[in-house]
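K.L.:
This is the structure alone, sequence omitted:
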């Protein structure tokens with residue numbers, strides 16, 4: 001349904017193991033390891049170190065270190081000591097590099113060692129240390145497997161919930177994707193059942209329908225083939241009869257649709273009956289049309305029920321490990337793995353038997369943990385790659401060669417189309433709308449490129465118009481014997497005053513024909529036209545100065561659209577919008593938005609903390625509910641709040657790694673770790689979850 005789906009892989013990576021081991025059980029086991037390492041080192045220093053004088057005395061008496069501790073026990077202890085690297089112990093080395101199969105082979109070397117009184121105190125102490133190490137490693141491995149497999153189930157649960165809540169189109173796509181493998185499985189089941197009915201149930205009364213008459217002749221192969229055809233025919237007949245029976249059970253059809261009377265008096269009644277009959281048949285066909293959708297919904301709900309059951313079992317076991325005292329890990333392993341731990345009460349006479357049973361229990365625990373670790377949930381997993389994309393693969397196989405030939409034959413046109421509609425627009429965008437506006441803006445800031453400045457008029461246009469007007473007025477004044485200097489005319493023109501010639505113009509306009517003939521009036525009119533041109537040039541020059549003063553603003557406005565487009569492309573490609581939650585929506589996991597998955601985890605954590613708080617406030621009501629037979633399911637749910645809380649926290653660890661920024665990841669991990677802190681009460685943890693909502697909630701919205 002989705003091209004890319006994030007999630008957990010069946011293989012445990014070191015990163016996943018590091019996240020998984022950040023829980024209460026692992027911390028308790030780590031604390032036990034530290035105490036046991038200190039005890040082991042102290043034991044080696046105080047009990048097995050031999051002074052030079054003592055060593056000489058023991059050499060004289062023939063007692064070596066191997067004589068104080070059994071050779072097999074000492075060898076196993078040495079192998080385990082160096083395997084764990086107790087001197088430079090690192091907890092992550094235990095859950096990443098130590099294999100239970102190898103550990104089992106080491107421990108099996110102690111099969112010949114008994115638990116009777118022949119063993120001295122040092123040997124018993126070393127055996128006890130070995131058992132504690134192995135029990136802790138086995139418990140840690142089981143905890144990791146339970147948590148990891150629960151996370152896988154949670155991942156599968158997200159997929160099937162998304163499918164169950166998806167649209168009809170998505171359900172039809174899933175139906176088409178899984179139809180071939182379902183038809184194949186149906187054919188195999190039909191063949192197996194047919195063969196079983198033919199060859200194994202021939203003596204039953206119900207199988208006589210599928211047997212041929214004794215008069216049928218021919219070869220044996222023909223008879224077998226005929227039997228298969230007969231069985232398939234009867235199976236199809238039974239299926240068809242079942243479908244007809246189901247349709248008839250919907251309601252009784254009206255005879256008016258089948259038999260139409262010619263009686264016109266009942267025309268309206270017949271029309272009504274016909275309409276009802278059509279509705280009945282449409283209603284009967286509706287389940288057949290919805291059959292693919294109903295089949296997908298039924299399958300999704302069935303998968304979800306199985307997943308919920310497996311999650312409940314794993315959470316129950318995790319909850320037991322959380323509430324178990326580290327000294328009782330072996331008994332808890334026996335309960336979780338359902339080991340054969342039946343044994344009598346230990347007495348002084350059967351110490352060897354008790355020790356052997358304990359040793360067998362440890363071996364069985366390691367064997368069961370290895371087997372559980374290899375267990376997979378293929379029945380509830382999402383369809384594989386071939387199942388999801390077989391349609392696309394089939395289209396590529398059938399139409400790929402012919403389309404490839406067409407593409408090769410029209411390669412020049414395709415290259416031209418890509419270049420004309422793809423490459424050239426992109427190059428033109430960057431060249432004309434990104435690079436050129438940037439250079440223009442830099443030229444404006446440097447003020448070094450006068451040619452590229454914004455202008456609506458030429459540079460010396462106003463000066464030439466002004467000089468021409470000045471010359472025309474001065475020549476007119478000289479020709480008409482007006483006593484005025486050229487500088488005075490220039491000053492009057494700058495101020496827009498033409499009174500020197502306007503008085504002459506007013507006198508001559510009274511006799512226009514006379515002065516038109518002499519040309520004086522025409523010169524005055526041309527002078528006024530030139531004056532209008534000068535005024536227009538001055539106005540345009542003012543606008544030009546205004547535009548030039550705002551060139552930087554216009555340059556920034558011209559480059560703004562390209563910057564906005566580039567920024568949106570950057571956000572789309574790099575998901576830089578995670579800061580406000582918008583980037584999270586583009587990350588999908590099994591068809592579901594990753595931010596929604598994280599929000600549900602946070603909500604579940606807060607709900608579980610609230611339920612734990614209610615349990616602390618109302619212990620009496622909890623006891624009454626546990627005794628009530630009506631609230632059995634509620635009791636079962638209440639018992640495992642701690643396990644569910646641990647799973648939800650680790651689940652949030654895994655999925656939030658794609659959303660939380662790197663600069664905040666350390667704080668994020670520390671805050672979530674505090675929810676596993678046993679020193680905090682539930683009220684403090686609720687305050688922590690509210691702090692997490694306030695601090696990190698924006699990254700999930």
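P.N.:
Looks like it came in fine. Small disclaimer: the values here were computed from a predicted structure and weren't measured. Numbers count the residues shown, from 1 in each chain.

K.L.:
can you pull out the helices in the stretch 51-200 of the chain?
P.N.:
Secondary structure of the stretch 51-200 of the chain by DSSP state H, counting those that start in this stretch: the helices cover 52-61, 65-68, 71-84, 91-97, 100-107, 121-164, 168-199.

K.L.:
Let's have the ones you listed in JSON lines, adding mean pLDDT, mean neighbour count and distance to residue 606.
P.N.:
C-beta: built from backbone N, CA, C; applies to glycine. Below are these laid out as JSON lines (pLDDT from 0 to 100; neighbours: other C-beta atoms under 10 Å; distance: least, C-beta to C-beta, whole Å):
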{"stretch": "helix 52-61", "mean pLDDT": "46", "mean neighbour count": "11", "distance to residue 606": "63"}
{"stretch": "helix 65-68", "mean pLDDT": "48", "mean neighbour count": "13", "distance to residue 606": "58"}
{"stretch": "helix 71-84", "mean pLDDT": "86", "mean neighbour count": "17", "distance to residue 606": "39"}
{"stretch": "helix 91-97", "mean pLDDT": "82", "mean neighbour count": "16", "distance to residue 606": "29"}
{"stretch": "helix 100-107", "mean pLDDT": "88", "mean neighbour count": "16", "distance to residue 606": "37"}
{"stretch": "helix 121-164", "mean pLDDT": "89", "mean neighbour count": "21", "distance to residue 606": "17"}
{"stretch": "helix 168-199", "mean pLDDT": "82", "mean neighbour count": "14", "distance to residue 606": "31"}
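
K.L.:
so can I have a markdown table of the ones you listed showing distance to residue 557?
P.N.:
What follows is the helices of the stretch 51-200 of the chain, written out as a markdown table (distance: least, C-beta to C-beta, whole Å):
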| stretch | distance to residue 557 |
| --- | --- |
| helix 52-61 | 92 |
| helix 65-68 | 89 |
| helix 71-84 | 70 |
| helix 91-97 | 58 |
| helix 100-107 | 69 |
| helix 121-164 | 46 |
| helix 168-199 | 45 |
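
K.L.:
From residue 377, how far out is the nearest residue to residue 79 once chain neighbours are set aside?
P.N.:
Of all residues not flanking residue 79 in the chain, residue 106 sits nearest, at 5.2 Å (C-beta to C-beta, 6 or more residues apart in numbering). Remark: distance between residue 106 and residue 377 (C-beta to C-beta, to the nearest Å) = 31 Å.

K.L.:
for residue 140, same thing?
P.N.:
As judged by C-beta to C-beta, residue 140 and residue 377 stand 22 Å apart.

K.L.:
go on, residue 415?
P.N.:
49 Å.

K.L.:
higher neighbour count, the two?
P.N.:
residue 377 (16 against 11; other C-beta atoms under 10 Å).

K.L.:
list the contacts for the more buried one?
P.N.:
Residue 377 makes contact with 149, 152, 153, 156, 307, 310, according to C-beta atoms under 8 Å, 6 or more residues apart in numbering.

K.L.:
Next one: it, what pLDDT does it get?
P.N.:
Looking at residue 377, its pLDDT stands at 87.

K.L.:
and residue 20, what is it in contact with?
P.N.:
Here residue 20 is in contact with 26, 144, 147, 148, 151, 650 (C-beta under 8 Å, 6+ apart).

K.L.:
The last one: neighbouring residues, count only.
P.N.:
In other words, residue 650. 24.

K.L.:
so it sits right up against residue 21, yeah?
P.N.:
No. Applying C-beta atoms under 8 Å, one finds residue 650 not in contact with residue 21, separated by 9.5 Å.

K.L.:
Would you mark the buried spots in stretch 527-534?
P.N.:
Using 16 or more other C-beta atoms under 10 Å as the test for burial, stretch 527-534 gives 527, 530, 531, 533, 534.

K.L.:
Now go through the residues you listed and say which are in helices.
P.N.:
527, 530, 531, 533, 534 (DSSP state H).

K.L.:
surely residue 306 meets residue 313?
P.N.:
No. With contact defined as C-beta under 8 Å, residue 306 does not count as touching residue 313 (11.0 Å).

K.L.:
Point me to the helix or strand that includes the residue nearest to residue 657 when sequence neighbours are not counted.
P.N.:
Leaving aside its sequence neighbours, residue 657 sits nearest to residue 665 (C-beta to C-beta, 6+ apart; 7.6 Å). With elements taken from DSSP states H and E, the one containing residue 665 is helix 665-674.

K.L.:
How about residue 442?
P.N.:
With DSSP H and E as the criterion, the answer for residue 442 is helix 436-446.

K.L.:
what's the following helix or strand after that helix?
P.N.:
helix 461-479.

K.L.:
Point me to the helix or strand that includes the residue sitting furthest away from the middle of the chain.
P.N.:
Distance from the C-alpha centroid of the chain peaks at residue 514, with 98.0 Å (C-alpha atoms, centre = their mean). Using DSSP H and E, residue 514 sits within helix 512-518.

K.L.:
could you give the mean pLDDT of that helix?
P.N.:
79.

K.L.:
Check which helices and strands it sits against.
P.N.:
Contact partners of helix 512-518 among helices and strands, from 3 or more C-beta pairs under 8 Å, 6 or more residues apart in numbering; DSSP states H and E: helix 520-549.

K.L.:
Can you pull out the low-pLDDT segments for the stretch 551-700 of the chain?
P.N.:
Along the stretch 551-700 of the chain, the parts satisfying pLDDT under 70 run over 575-592, 618-639.

K.L.:
mind running it again at 90?
P.N.:
551-602, 604, 608-686, 689, 692-700 (pLDDT under 90).
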